[in-house]
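> A structural model of the following input is requested.
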Amino acid sequence: MKNIHKIFALALMFAALGACEDEDKTTYLHAPELQHGAYFRNIENGGIFNKNDGFVVSSYSITGEVVSRDISEVATLDFSIAFQDNSTDGDPDTEDDFSIAPVLIETVNVSSLSVNSNGFPEKTYELTADEIFAALNLDDTDIEGGDLIIFSIVITMTDGTVFNSSNTGDSVRGELFFRSPLDYTSSIVCLDAPTPGDWVLDMQDLYGDGWNGGTITVNMDGVLTTYSVSSESGTTQTETITVPEGTYVFTWTYTSGDWEEENVYTLTDPNDNVVLDEGPTPTVGELLNQCD
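All right, here's what the predicted structure looks like:
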């Protein structure tokens with residue numbers, strides 16, 4: 001009889017615990033719902049603006065897909081371009097900064113886009129150098145090597161919520177799964193003369209296993225040096241490249257390896273100007289060279 005009472009008491013205790021667990025679950029299920037949004041997953045982007053050929057064949061393109069829990073909640077995509085002048089002398093008393101704030105190029109209704117094989121609306125933006133300079137009212141004589149063209153995408157939801165590079169988290173902008181930077185940059189290829197001093201190369205592998213064959217080769221007056229994220233470094237690697245006074249040849253060439261969508265890097269000059277901002281999937285080929 002004592003055993004029966006003990007078993008009955010234990011059953012009541014477990015029933016009470018189960019009731020508490022159910023109550024906790026019910027409370028959780030009725031918690032306020034998290035905010036949902038959308039992102040523009042990068043499929044492919046790239047292009048080179050070469051001053052040496054007068055920008056004759058220069059262009060840039062971005063292809064991506066709009067991803068959301070409910071695509072009907074995504075209203076529009078805004079596409080803008082801006083110009084960042086990195087070749088100023090830094091003297092505030094001279095009018096030599098030709099930077100231009102973002103100019104809206106196109107607003108597209110997401111509902112009008114074609115659905116790709118992944119089941120998401122897909123959009124491609126492509127502009128030639130002439131189209132960009134006309135939209136920005138920019139004279140190509142005011143452009144030097146190392147200056148940047150910046151392309152920006154803004155997502156607006158049907159409830160008015162806006163997502164851009166400023167309010168979207170680092171994981172969505174940079175991680176391999178999302179690949180949604182929303183801001184893309186392309187450097188003007190050609191430098192009149194490299195600024196002497198310490199240039200800083202910050203390299204990143206989004207997966208954390210090194211660049212898997214991807215390399216950057218710097219030619220400084222005929223001396224070649226190769227940089228990469230090693231498998232031992234894994235995620236990040238920073239290098240300082242010292243450019244002596246009087247250097248003439250300063251070329252910068254990226255060679256692709258495997259898993260290019262994991263590779264990201266920036267190059268900052270001695271004046272703290274970001275001269276190159278590449279990746280995921282960095283532009284292949286020579287990106288910095290000398291004007292003739």
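> which one is residue 126 nearest to, not counting chain neighbours?
Among residues not flanking residue 126 along the chain, residue 61 sits closest, at 3.9 Å (CB to CB, 6 or more residues apart in numbering). Just so you know, the C-beta spots here come from the backbone N, C-alpha and C atoms, and that holds for glycine as well.
> Put the alpha carbons of stretch 189-199 into PDB.
What follows is stretch 189-199, C-alpha atoms only, in PDB (Å, rounded to 0.1, in the frame of the first residue of the first chain):
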ATOM      1  CA  VAL A 189      41.800  51.800 -61.900                       C
ATOM      2  CA  CYS A 190      44.800  54.200 -62.200                       C
ATOM      3  CA  LEU A 191      46.900  56.200 -59.800                       C
ATOM      4  CA  ASP A 192      49.000  59.200 -60.900                       C
ATOM      5  CA  ALA A 193      51.500  58.200 -58.200                       C
ATOM      6  CA  PRO A 194      51.100  56.000 -55.100                       C
ATOM      7  CA  THR A 195      51.000  58.000 -51.900                       C
ATOM      8  CA  PRO A 196      54.200  57.200 -50.000                       C
ATOM      9  CA  GLY A 197      53.800  55.600 -46.600                       C
ATOM     10  CA  ASP A 198      52.100  52.600 -45.000                       C
ATOM     11  CA  TRP A 199      49.200  51.100 -46.900                       C
END
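> Other residues contacting the helix or strand that contains the residue nearest to residue 126?
Assigned by DSSP states H and E, residue 61 belongs to strand 59-68. By CB atoms under 8 Å, 6 or more residues apart in numbering, the residues outside strand 59-68 that reach it are 36-47, 49, 74, 77, 110, 113, 116, 118, 120-129, 132, 149, 151, 153, 155, 180, 184, 186.
> I'd like to know which of these are buried.
The neighbour count (16 or more other CB atoms under 10 Å) marks 37-43, 45-47, 49, 74, 77, 110, 113, 120-123, 125, 127-129, 132, 149, 151, 153, 155, 180, 184, 186 as buried among the contacts of strand 59-68.
> Which ones among those lie within strands?
Under the assignment DSSP state E, those contribute 38-43, 45-46, 49, 74, 77, 122-123, 125, 127-128, 149, 151, 153, 155, 184, 186 to strands.
> Run through this protein and note the low-pLDDT ranges.
For the chain, the stretches with pLDDT under 70 are 1-36, 88-96, 191-192, 289-292.
> Spell out which residues make up each domain of it.
What automatic domain parsing lists as the domains of the chain is 35-190, 191-292.
> Now do the last one: distance to the chain's middle.
Read that as domain 191-292. The chain centroid and the centroid of domain 191-292 are separated by 16 Å under CA atoms, centre = their mean, to the nearest Å.
> Could you find the closest non-adjacent residue to the most centrally placed residue in the chain?
For the chain, residue 181 is the residue whose C-alpha lies nearest the centre (CA atoms, centre = their mean; 3.7 Å). What sits nearest to residue 181 in space, not counting adjacent residues and going by CB to CB, 6+ apart, is residue 173, at 4.9 Å.
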